[in-house]
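Trainee: Sequence plus the predicted model coming up.
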Amino acid sequence: MTAERDSSMQNQAYQFIRKKIERCEYAPNDMLSESLLREELGFSRTPVREAIGRLAQEGLVRVYPKRGIMVCAISIGDIHQIFEVRSLVEPYALTAHHDKLDLAAIARFSEAFHAYGGGGSGDDIYGIDDSFHETLISAIENDYLLELYDRIHVQSVRLRVLSGRLIESRIRDTMAEHARIADACLARDWHGAALAMTEHLRCSKESSLAAILKNSGQEI
């Protein structure tokens, strides 16, 4: 029973810290304190330390003995690799696996995208964005592709949040780009949907590069 409880606490600590990193509440290059994490979670040292070790293995944090825990930055090279994967997988999902898409769900997304007029909480907007892409990807019945896509998921969300915060008009532009993808799907124009997705990913990559440079204090 104790082992099960310890495992549960470790997983809770992992999910808590991972979500904070994903949503950039713990931003790239932030230094974290293990003692403050323990205090925030109300957990003992062991589950928090094990969660940090797991996050370090995933490349989300780096542990510096006697200094603290640093949230890993996202490099320019990372962005190129992330969007290379996305550009291979997401348009492919629309052209090769569209028969498995949930068009009723896509219709609901389309309504939300067209109704967007600005404002709203960041969590809600990024949640819709993430859910839309996951709905499209879920049509793929290839575990190897899904595993590959899952590996970049957290980094993709981090870039999405940073771009939305640092690049003016990015959220509004994203909603319009998503609307074009969704509408092409509803018209069963799969070639057009894939082209719209490719254009969306191009714009997202440009915004991500600009956001990373801005976050690091460099010129855009």
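Mentor: Everything's here; your move.
Trainee: Buried residues, stretch 107-118. List them.
Mentor: By neighbour count with 16 or more other Cβ atoms under 10 Å, stretch 107-118 contains the buried residues 108-110, 112-113, 116. Using the backbone N, CA and C atoms, a C-beta is placed for each residue, glycine as well.
Trainee: Could you look up the SS state of N29?
Mentor: What DSSP: H, G, I helix; E, B strand; the rest coil gives for N29 is coil.
Trainee: quick one, phi/psi of it?
Mentor: In terms of degrees, to the nearest 10, the main-chain angles of N29 are phi 80, psi 0.
Trainee: Next one: the residue most central in space within the chain from S207, what distance?
Mentor: For the chain, the residue nearest the mean C-alpha position is V157 (1.6 Å; Cα atoms, centre = their mean). Per Cβ to Cβ, to the nearest Å, V157 is found 14 Å from S207.
Trainee: What is the neighbour count of I181?
Mentor: If you count neighbours by other Cβ atoms under 10 Å, I181 ends up with 28.
Trainee: what's the answer for the one 10 residues further on, then?
Mentor: Other residues near H191 come to 11 when the count uses other Cβ under 10 Å.
Trainee: Please give the element, helix or strand, for the nearest residue to it once chain neighbours are set aside.
Mentor: Nearest residue to H191, sequence neighbours excluded (Cβ to Cβ, 6 or more residues apart in numbering): T95, at 6.9 Å. Using DSSP states H and E, T95 maps to helix 76-96.
Trainee: Just the C-alpha atoms of that helix, please, in PDB.
Mentor: Written as PDB, here are the backbone C-alpha positions of helix 76-96 (Å, rounded to 0.1, in the frame of the first residue of the first chain):
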ATOM      1  CA  ILE A  76      16.200  27.500 -32.500                       C
ATOM      2  CA  GLY A  77      17.300  24.000 -33.500                       C
ATOM      3  CA  ASP A  78      14.500  22.500 -31.400                       C
ATOM      4  CA  ILE A  79      12.000  24.600 -33.200                       C
ATOM      5  CA  HIS A  80      13.200  23.500 -36.600                       C
ATOM      6  CA  GLN A  81      13.000  19.800 -35.600                       C
ATOM      7  CA  ILE A  82       9.600  20.200 -33.900                       C
ATOM      8  CA  PHE A  83       8.000  21.800 -36.900                       C
ATOM      9  CA  GLU A  84       9.600  19.300 -39.300                       C
ATOM     10  CA  VAL A  85       7.800  16.500 -37.400                       C
ATOM     11  CA  ARG A  86       4.500  18.500 -37.300                       C
ATOM     12  CA  SER A  87       4.700  19.400 -41.000                       C
ATOM     13  CA  LEU A  88       5.200  15.700 -41.900                       C
ATOM     14  CA  VAL A  89       2.500  14.300 -39.600                       C
ATOM     15  CA  GLU A  90      -0.400  16.800 -39.400                       C
ATOM     16  CA  PRO A  91      -1.100  17.400 -43.100                       C
ATOM     17  CA  TYR A  92      -0.700  13.700 -43.600                       C
ATOM     18  CA  ALA A  93      -3.400  13.000 -41.000                       C
ATOM     19  CA  LEU A  94      -5.800  15.100 -43.100                       C
ATOM     20  CA  THR A  95      -5.000  13.500 -46.500                       C
ATOM     21  CA  ALA A  96      -4.500   9.900 -45.400                       C
END
